[in-house]
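Student: Fold the following and give me the result.
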Amino acid sequence: MIFDEEKPKKPAGHQLGSDLSALSAEELQNRIELLRTEIERLDAERIRKEAGKRAADSFFKPKV
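Tutor: Sure, this is the predicted structure:
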């Protein structure tokens, strides 16, 4: 049985520390936009979690 060689998979997105020298200016701009979108997504989740923690802290705050 003959198997086709697996084609190398293009990495989805950006890998930190990867070599950027082979990328065009347009490809670099696309990665910047991708990373900015991901930062916004991470920041929104952080804010949501902080709000949940503040709500829990205020609910379980010891009553004096």
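
Student: What segments of the chain are helices?
Tutor: 25-59 (DSSP state H).

Student: Determine which residue lies closest to the centroid of it.
Tutor: Glu38 (4.2 Å; CA atoms, centre = their mean).

Student: so what pLDDT did that one get?
Tutor: With respect to pLDDT, Glu38 has a value of 96.

Student: just Phe3 next, same as before
Tutor: Confidence score, pLDDT, at Phe3: 63.

Student: Distance check, the spatially closest residue to Leu28 that is not a sequence neighbour against Phe59.
Tutor: When the adjacent residues along the chain are set aside, Leu28 lies closest to Leu20, with 6.7 Å between them (CB to CB, 6 or more residues apart in numbering). C-betas here are computed from N, CA, C, even on glycine. Distance, Leu20 to Phe59, using CB to CB, to the nearest Å: 47 Å.

Student: One more: Thr37?
Tutor: Per CB to CB, Thr37 is found 33 Å from Phe59.

Student: go on, Asp43?
Tutor: Distance from Asp43 to Phe59, by CB to CB: 25 Å.

Student: Which one's more surrounded, these two?
Tutor: It is Asp43, of Asp43 and Phe59, that has more neighbours when counted by other CB atoms under 10 Å, with 10 against 7.

Student: mind checking pLDDT for that one?
Tutor: Taking Asp43 on its own, its pLDDT is 98.
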